[in-house]
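Enquirer: Turn this into a model:
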Amino acid sequence: MDILGGCFGMIISVMPIIFLAIQIKKDGGPIFYSQERIGKNGKPFTMYKLRSMVPNADDLKNTLLEKNELHGGMFKIKEDPRVTKIGRTIRHYSLDELPQFWNVVKGDMSLVGPRPCLKRELAQYSEHDMQRLLIKPGISGLWQVSGRSNLDFSDMIKLDLRYMEERSIKMDLKICFKTVKLVLFSRDPGAY
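Expert: The predicted model follows:
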């Protein structure tokens, strides 16, 4: 399912990625952003995204840590000053995630699963939180379709562990369809 879905996702993403690449390039800097993330069983991998922030966003992050709106092992700011003009639209509709279909085809990620964390976030995980690393991370998951950035870290962990206990092909298909619906039709898909 992942390989077929990943290949299909790559095919339908080609035209949007080309259009967005032109817009991103107008802002200057690279089109794609790659970052080391933590996958299944704590194995690091390189995750790909369309760039939605200024090129030096990682360097600026330390100056914004006190503005973090989420507790636990995550960092989010609703009005993040590092996000570019086109980046706001890209993030609102989760279009920055399109290159991750390549991660799915490569076997680093699944279509559905817990979102992959950063190494520095992993350092803050409790043993309980570490359970979310027992399966492949996903492009979307129960957390994303249940409120995403509107939920805190402990809610994300609960939803990820619930998904792991109840997962099935039927549940994955439901999450995939709900993801598409949220991205295309929701005014506030909870992405920022």
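
Enquirer: Look up the closest residue to A21, ignoring the ones flanking it.
Expert: I31 (4.6 Å; Cβ to Cβ, 6 or more residues apart in numbering). Where you see a C-beta, it was placed from the backbone N, CA and C, and this is true even at glycine.

Enquirer: now K40
Expert: K136 (4.7 Å).

Enquirer: which residues touch the residue of the chain positioned farthest from its centre?
Expert: Taking Cα atoms, centre = their mean, the residue of the chain most remote from its mean C-alpha position is K26, at 23.9 Å. Counting by Cβ atoms under 8 Å, 6 or more residues apart in numbering, K26 touches I86.

Enquirer: do you know how far it is from V54?
Expert: 13 Å (Cβ to Cβ, to the nearest Å).

Enquirer: Which positions in the lowest-mean-pLDDT helix or strand in the chain come out as buried?
Expert: Lowest by mean pLDDT, DSSP states H and E among the helices and strands of the chain is helix 57-60, with a mean of 74. In terms of neighbour count (16 or more other Cβ atoms under 10 Å), helix 57-60 has its buried residues at A57.

Enquirer: what's in contact with that helix?
Expert: V54, P81, R82.

Enquirer: thinking again about what came up before, do I have it right that the residue nearest to A21 meets Y48?
Expert: No - between I31 and Y48 there is no contact under Cβ atoms under 8 Å: 10.5 Å.

Enquirer: Identify the residue nearest V83 in space, chain neighbours excluded?
Expert: Using Cβ to Cβ, 6+ apart, the closest residue to V83 is M53 (5.4 Å).

Enquirer: So that neighbour sits against K85, correct?
Expert: No - when contacts are counted by Cβ under 8 Å, M53 is not listed as touching K85 (11.2 Å).

Enquirer: Who has more neighbours out of the two?
Expert: M53 (22 against 10; other Cβ atoms under 10 Å).

Enquirer: where does the more buried one land on pLDDT?
Expert: At M53, the pLDDT value in this model is 88.

Enquirer: In this structure, mark out all the strands, start to finish.
Expert: Secondary structure of the chain by DSSP state E: the strands cover 32-38, 44-50, 110-112, 138-140.

Enquirer: So which bits of the longest helix seen in the chain are buried?
Expert: Scanning the chain for the longest helix, with DSSP state H as the assignment, gives helix 2-26. Applying a neighbour-count criterion of 16+ other Cβ under 10 Å, one finds D2, G5, G6, G9, M10, S13, I17, L20, Q23, I24 buried in helix 2-26.

Enquirer: Likewise for stretch 105-118?
Expert: In stretch 105-118, counting by 16+ other Cβ under 10 Å, buried: V105, D108, M109, S110, L111, V112, G113, P114, R115, P116, C117, L118.
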